[in-house]
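In: just to be clear, the model below is a prediction. Sequence and coordinates:
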Amino acid sequence: MTHQITVVGLGVGELEQLPYGIYKRLKETKQPIYLRTADHPVVSELMAEGMKFTSFDSVYEKHDQFEGVYREIVATLLEQAEKEPIIYAVPGHPLVAESTVQQLLAQTEHLDIIGGQSFLDPMFAAVGVDPIEGFQLLDATAFDIDEAQIRQHLLIGQVYDQLVAGDLKVMLMERYPDEHNVTLVTAAGTSRQHVTMVPLHELDHITTLSNLTTVYVPPVTDQTVLNRDFTTLKHIIARLRGEGGCPWDQEQTHESLKKHLIEESYELLEAIDLQDDNLMIEELGDVLLQVMLHAQIGLDEGYFDVRDVIGSVSDKMIRRHPHVFGDVEVDSAADVVNNWQEIKAQEKSDRTYLLDGVTKGAPALLRAEQIQKKVARVGFEWETVAGALDKVQEEIQELKEAPAEEQLGEFGDILFSLALVGKYMELSAEDALQQTNDKFIRRFTRMEQLADRPLTELSLTEQDALWNQSKQEEQS
């Protein structure tokens, strides 16, 4: 049988700030009293009045991570509650930034919570902030910078020491300016309250940190910083498409934007080939702009918005990576691909035939590669590349012999067969032809530079000589 666990909040200040009801309960109880930590101003005063406690401070020394500490505390409390009713006293309010209480709530119904003042009220008073403006309360020991809302007031508790402060500083500097002022408040609401303001990059230089220290990070107001936030981009697109926005953006449809998405995608590919990071940033932004415009059009028409887009791809990535997010085991990248295809087939169960999913709008060479990969899965392929090479020769001969009206089809057969050769050799036909296009442009441009007069005035022999010179220069 589990007896009652009474959780008591000791507040944030000295004994005179402790509610009389809680003080009376602690003074008159015959039940064992357990403390998460004895490092609290109220505890020393209660001990001076003769009250006995059992502290869990020694548990902190046994574990490297706070998760282990909290698990052991909870397990001990539940074990003691099997024997008799107990009292568990925690700093502040039991339901504010108290992991052990949350774990107890999840594991037992025999819980009675008696509140004490949380550190939030004196904390807001110390930094002069009205919480109605919007704030977040986060734990430094489990901090994730992506969860921080930089437009809101941010309170980060559990900044125990310089090591925690250092890790916190590094993460905050990913999204906040180095000179952004932050405020450290220790023992908020007590006679020992200490307030220090420092630039963010000096956060871990403060030596007065303790388990009572909370960091306050004010909202970002610098527009150049806010422009890096996803919410800003969403608002910009909505304004461009909204009343008083841009006439061009307002006129766009999913259909009218198709060509722009293709253009931006190819410009990104060029930036990747150039290995130009700054250009990649710009071109990735242009591709993202197209995604955001399509999402805003979906919202304007009442069908979907960018959250649906993000949710769809997140669900898909989790679903198609059971070896990462589930309990499936894989031994190689090939296993990953096989799992991906099997899961994809289950998702696309409405497709009747193998080639139903081939993308119609893809460039022809990419589409050819997509077709060949799909049919290979059912064994429709030669055993070696030799068969594919023989097929190329066969198609070339057919082109030579074809009448004029059949030449386009025969020429297409050659290109399709060459793409198949690339599949066997693990070479992308699309990438190969793009590389050759670039090479030809370089060499032909060099020909023009080497020529002593316009190319139209040169004979084919002279042009060929310049081509060979251009080619030799590049190879050397």
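Out: Received it, and whenever you're ready, just let me know what you need. Residues are numbered from 1 along each chain as shown.

In: now do the strands in the stretch 201-350 of the chain.
Out: With DSSP state E, counting those that start in this stretch as the criterion, the stretch 201-350 of the chain has strands at 213-217.

In: helices along that one, start to end?
Out: 223-226, 230-241, 247-251, 258-274, 277-300, 306-319, 322-325, 333-347 (DSSP state H, counting those that start in this stretch).

In: distance between stretch 351-370 and the chain's centre?
Out: 31 Å (CA atoms, centre = their mean, to the nearest Å).

In: again but with stretch 170-187, I slipped
Out: The answer for stretch 170-187 is 21 Å, by CA atoms, centre = their mean.

In: who's in contact with it?
Out: 12, 41, 123, 126-127, 143-145, 148, 150, 159, 192-201, 203, 206, 208-210, 212-218, 220, 222, 225, 228-229 (CB atoms under 8 Å, 6 or more residues apart in numbering). Every residue, glycine included, has its C-beta placed from N, CA and C.

In: list the buried ones in it?
Out: Across stretch 170-187, burial judged by 16 or more other CB atoms under 10 Å covers 171-172, 175-176, 180, 182-187.

In: ok, these vs residue 239, which is closest?
Out: Comparing these against residue 239 with CB to CB picks out residue 175 as the nearest, at 22.8 Å.

In: got a pLDDT number for that closest one?
Out: As predicted, residue 175 sits at a pLDDT of 96.

In: pull up the gap between it and residue 404, please.
Out: The gap separating residue 175 from residue 404 is 64 Å, by CB to CB, to the nearest Å.

In: returning to that earlier point: wait, which of the helices of the stretch 201-350 of the chain is closest to residue 102?
Out: helix 322-325 (24.3 Å).

In: before we move on, back to that, as TSV, the helices of the stretch 201-350 of the chain with mean neighbour count, distance to residue 50 and mean pLDDT would be great.
Out: Shown next, in TSV, are the helices of the stretch 201-350 of the chain (neighbours: other CB atoms under 10 Å; distance: least, CB to CB, whole Å; pLDDT from 0 to 100):
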stretch	mean neighbour count	distance to residue 50	mean pLDDT
helix 223-226	12	55	94
helix 230-241	16	56	96
helix 247-251	11	74	96
helix 258-274	14	73	92
helix 277-300	16	66	97
helix 306-319	12	57	94
helix 322-325	13	55	90
helix 333-347	13	66	81
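
In: would you turn those into CSV with distance to residue 166?
Out: Compiled in CSV, the helices of the stretch 201-350 of the chain are given as follows (distance: least, CB to CB, whole Å):
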stretch, distance to residue 166
helix 223-226, 22
helix 230-241, 27
helix 247-251, 45
helix 258-274, 36
helix 277-300, 28
helix 306-319, 32
helix 322-325, 30
helix 333-347, 37
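
In: quick one: low-confidence residue ranges for the stretch 301-450 of the chain.
Out: 349-350 (pLDDT under 70).

In: about what we covered before: relative to residue 431, which of the helices of the stretch 201-350 of the chain is closest?
Out: Closest among the helices of the stretch 201-350 of the chain, using CB to CB: helix 258-274, at 9.2 Å.

In: which strands and helices lie in contact with the closest one?
Out: Here helix 258-274 touches helix 277-300, helix 429-450, going by 3 or more CB pairs under 8 Å, 6 or more residues apart in numbering; DSSP states H and E.

In: other SSEs contacting the shortest one?
Out: Put plainly, it is helix 429-450. Where contact means 3+ CB pairs under 8 Å, 6+ apart, helix 429-450 is packed against helix 258-274, helix 364-376, helix 407-424, helix 460-475.

In: and these as JSON lines, adding distance to residue 291?
Out: What follows is the helices and strands packed on helix 429-450, written out as JSON lines (distance: least, CB to CB, whole Å):
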{"stretch": "helix 258-274", "distance to residue 291": "8"}
{"stretch": "helix 364-376", "distance to residue 291": "20"}
{"stretch": "helix 407-424", "distance to residue 291": "29"}
{"stretch": "helix 460-475", "distance to residue 291": "38"}
